[in-house]
Structure formats: structure tokens, C-alpha cells
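# could you look at this predicted model? Sequence included:
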Amino acid sequence: AQKVTQAQTEISVVEKEDVTLDCVYETRDTTYYLFWYKQPPSGELVFLIRRNSFDEQNEISGRYSWNFQKSTSSFNFTITASQVVDSAVYFCALSEAIDASGSRLTFGEGTQLTVNP
Amino acid sequence: EAGVAQSPRYKIIEKRQSVAFWCNPISGHATLYWYQQILGQGPKLLIQFQNNGVVDDSQLPKDRFSAERLKGVDSTLKIQPAKLEDSAVYLCASSLRLRGADTDTQYFGPGTRLTVL
């Protein structure tokens, strides 16, 4: 069975600080996909990034960056110069193939990020 | 482009009552998912449809939960009768994924917050 672990339950930082959210995963699949979603207080899950298991290049999008390391089964997320609007719960997720036509997302428990002014 | 629509946003019922949630996916999305998110946890997949067929319902408590997607577009999730432990946010998601394709991205609706008293 697949598993996603987000060891940090809550993180609190002051605005403009950099913050890294950790994600460690377990899977037996050789082909898999990793995701990060943001869940603001409104409740809707907002897609941030998708990465497949064959692409270990790090990615940067504005203040967001992701570090994928297959050797340590980690897919960490860094926010540079954090802002109050970044306050939310962040989920890491792993896609598992069910059969040729379906897949299932397994979510971690989430990390509550609070950015204080 | 309109996102995933869900209604109602909030529902409060007594235990043993019935309740139904509605979801309209993003136009053209073949796959529709229902998730249950208990407070403080990550979402857990209940059921996945591809067009109007069920792909995965292995985690759906079938003694009380049912779901349908009759015309391959919108979907209804029902709980009958509700228990206290059903209190959660019910999230609907959709993706463009077609049969045999690689995993694609799931886009989520705002969710329905259910409170069972």
C-alpha cells in the first residue's frame, strides 16, 4: 500500500521568512506521480504541481520551488519570502495505479502553515 | 472556464437521517471522484467514476453510502442513514483522464461540510 508522510503538522513563520514543507512517500510502483495541493480556509483544494517519477528536475514557479529526490523518496516544497496569503494547509499526494484505466490519490495528513505579519 | 461545482456548501442533519450531495465536474472531464475529508486529515477517496461507470469504490461504505453518475456528467453522493462519524467535508474532483491514459491532474470543488448531530 502506498503511504505519504508529512511529519510537520504545523509550522508558524514570520512574513518574508523562507519555509520548507517536507513530504516522504512509499510506493512499490515504478511509475508514479506526486502532487502538492493548497487548502486555504475556504476549503477548496488548489492544485500546485504534478511531478512524475521519471523527472527528478527541481522546479521553480515564482516564490514556490519543489525538490524531488527519488533516492530518499522525498518531494519537498519551499516557499521563499513567505506572505500572509500563503497561510493554508498544504497536502502532498501520491498517485497509485488501480488498473489500466484508473488511479487513486493517497494524501498525506497535511501541514498547517501560518504566516504571521 | 468554470470549476467543479458542489452543493450544498453546508448541511446539518440528525443521525439516522439521509442526505445527498451534488457535484458538477469541469466540462469535458471524463473522470469524477468523491472524497471524504475528516477534520485534521487528508482527503480519502470514496468512489471514482469514468464517464458513467464505476472505476473504484473499494473504500466506499456501501451499507450506507451510494453514488451515481447516470449521464456521465454530474453526480450525486448519498448517505442513508447518517452516523455521527460521517461528519466531514465531502469533496468532489474531476480530471480529463481517459481510459488507459497516464495520471492527470484532479481539480477539486469547494466541498460540502456535513455535520451529523
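Good, I have the coordinates.
# got the contact list for residue A:18?
A:78-82 (Cβ atoms under 8 Å, 6 or more residues apart in numbering or on different chains). Yep, even glycine has a C-beta here, placed from its N, CA and C like the rest.
# of all the residues you listed, which comes closest to chain B?
Distance to chain B across the contacts of residue A:18 (Cβ to the nearest Cβ) is lowest for residue A:79, with 19.5 Å.
# and the closest one, how many residues sit next to it?
By the measure other Cβ atoms under 10 Å in any protein chain shown, the count of residues near residue A:79 is 20.
# ok, now how distant is residue B:86 from chain A?
In this view, residue B:86 and chain A are 17 Å apart by Cβ to the nearest Cβ, to the nearest Å.
# ok, now how distant is the nearest residue to that residue once chain neighbours are set aside from chain A?
Spatial nearest neighbour of residue B:86, excluding adjacent residues (Cβ to Cβ, 6 or more residues apart in numbering or on different chains): residue B:116 at 5.2 Å. Relative to chain A, residue B:116 is positioned 18 Å away (criterion: Cβ to the nearest Cβ).
# I figured residue B:116 hits residue B:90, correct?
No - applying Cβ atoms under 8 Å as the test, residue B:116 and residue B:90 come out as separate, 11.9 Å apart.
# more neighbours, these two?
Neighbour tally, residue B:116 and residue B:90, criterion other Cβ under 10 Å: the higher count belongs to residue B:90, 23 against 20.
# got the contact list for the more buried one?
Contacts of residue B:90 by Cβ under 8 Å, 6+ apart are B:6, B:21, B:34-37, B:77, B:111-112, B:114.
# repeat for residue B:116
B:13-15, B:82-87.
# buried set for the helix or strand of chain B with the lowest mean pLDDT?
Least confident element among the helices and strands of chain B, by mean pLDDT, DSSP states H and E: strand B:53-56 (a mean of 89). Under the neighbour-count criterion of 16 or more other Cβ atoms under 10 Å in any protein chain shown, strand B:53-56 has B:55-56 buried.
# what helices or strands is the helix or strand just after that strand leaning on?
Per DSSP states H and E, strand B:53-56 leads on to strand B:65-68 as the next helix or strand towards the C-terminus. Packing partners of strand B:65-68 (3 or more Cβ pairs under 8 Å, 6 or more residues apart in numbering or on different chains; DSSP states H and E): strand B:44-50, strand B:75-79.
# repeat the analysis, applying 6 Å as the threshold.
When contacts are defined as 3 or more Cβ pairs under 6 Å, 6 or more residues apart in numbering or on different chains; DSSP states H and E, strand B:65-68 sits against strand B:75-79.
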